[in-house]
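**Q** Sequence isn't available, so here's the structure alone:
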């Protein structure tokens, strides 16, 4: 650095001298050209000397700077090695410290989990014993009741098998009976009468009733409704049984032979027969206000009723055009049950005391039902308390396991304190 300063000062002085000489020469007259030439040559020599000295000084400075950089690099390498060794030692020490802490945390958690497992096992054993006792008593009661019901059902099945045997013996006789037109009509009437007797009382329906005054036409059966007139004359609901056996058998035979054309023809013939019967019932038995506004055409076989319902729009057209409703055994039974409920409603309106008796019985049963509800609620409450305890343990384990890898030993011990008396933690 000192050499650079010296060279700079020398350069400045040389330049100043050269500038002074140039000024002096320029001010001299032209006669002195030789002196000017000598001065210029001297200045050139001075400039060359200065350049040579500056070059030598620059080379020395570059060598010195290279040596300084080499020494600095060696020092930097030594510092890096020292720093790497220091960091390695610190990381090893930190890893060993963390391993010791993780081992301590793991040991603490394992101890706490063992305690929780033992406590949960004890609670589960208690719950299992309680549940086993309840299930055993309930199972014994249910099995006893089930065995009793099975025995009763087997006895009923045995009786039914005997009845079916007797019924099978009479199938041939029934087939022979059904081949007669008059007997078929009697078959439908007998089945209709059986349904009426099953649901209604004897004064709620009548047989062979002339529902249309002066027509001399008597319907098979008619349901009696209380009249609204002053004379108290009843209003009749006509029910007539029909059994178009030939048309139905042709349809069944066509289905069995998988003959679509014959089946369609037989179905159209059956539809025409049902329409004819509905028109006859409408013309012969309906006469409002002596009768209801509609009548019932009873088909005594469910399969026949199903085939009639399969005809699109047939039932709606019969109801709309002839005011006749089709009914099979099941459908008629449902209708009669609805009518019976209506009759019962009328009876309840006339006999208010019976209503109060029924309400009293309902009240007694309701109080008994309340006692059953209280008992069931107590049992459910006990089971709920046991489940709450188990759920508390489960939540504690879940909270502890979520932070196993992140919490230090102190916080882990704070979350899972050792339980000496086995009390449940507060949630």
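**A** All right, it came through fine. What you are looking at is a predicted structure, and each value in this text was computed from that prediction instead of being measured.
**Q** What's the local residue count around the closest residue to residue 324 other than its chain neighbours?
**A** In space, and not counting its chain neighbours, residue 324 is closest to residue 278: 4.1 Å by C-beta to C-beta, 6 or more residues apart in numbering. C-beta: built from backbone N, CA, C; applies to glycine. With neighbours defined by other C-beta atoms under 10 Å, the count for residue 278 comes to 25.
**Q** Just the element for residue 278, please.
**A** helix 260-285 (DSSP states H and E).
**Q** buried ones in that helix?
**A** 263, 266-267, 269-271, 273-275, 277-278, 280-282, 284-285 (16 or more other C-beta atoms under 10 Å).
**Q** before we move on, back to that, might one say that the residue nearest to residue 324 is in contact with residue 297?
**A** Yes: using C-beta atoms under 8 Å, residue 278 is in contact with residue 297, at 5.8 Å.
**Q** what's the overlap in contacts for the two?
**A** 318, 324 (C-beta atoms under 8 Å, 6 or more residues apart in numbering).
**Q** quick revisit: pLDDT of the helix holding residue 278, averaged?
**A** Across helix 260-285, pLDDT averages out at 87.
**Q** Ok, stretch 397-414 next?
**A** Mean predicted confidence for stretch 397-414 is 65.
**Q** swap in stretch 164-177?
**A** 57.
**Q** From residue 99, how far out is residue 310?
**A** 84 Å (C-beta to C-beta, to the nearest Å).
**Q** burial count for residue 243?
**A** 21.
**Q** my read: it touches residue 301, true?
**A** Yes: contact criterion C-beta under 8 Å: residue 243 and residue 301 qualify, at 7.4 Å.
**Q** And the pLDDT at the closest residue to residue 120 other than its chain neighbours?
**A** Nearest residue to residue 120, sequence neighbours excluded (C-beta to C-beta, 6+ apart): residue 393, at 5.1 Å. Residue 393 carries a pLDDT value of 75.
**Q** Can I take it that residue 393 is in a helix?
**A** Yes: assessed with DSSP: H, G, I helix; E, B strand; the rest coil, residue 393 lies in a helix.
**Q** could you list every residue that touches it?
**A** Residue 393 sits in contact with 116, 119-120, 123, 424, where contact means C-beta under 8 Å, 6+ apart.
**Q** Could you confirm residue 307 falls within a strand?
**A** No: judged by three-state DSSP, residue 307 forms no part of a strand; its state is helix.
**Q** What is the burial count for it?
**A** 22.
**Q** same thing with residue 152?
**A** 10.
**Q** Can you name every helix or strand that the host helix or strand of it contacts?
**A** Under the criterion of DSSP H and E, residue 152 resides in helix 33-169. In terms of contacts (3 or more C-beta pairs under 8 Å, 6 or more residues apart in numbering; DSSP states H and E), helix 33-169 is packed against helix 2-27, helix 352-402, helix 409-415.
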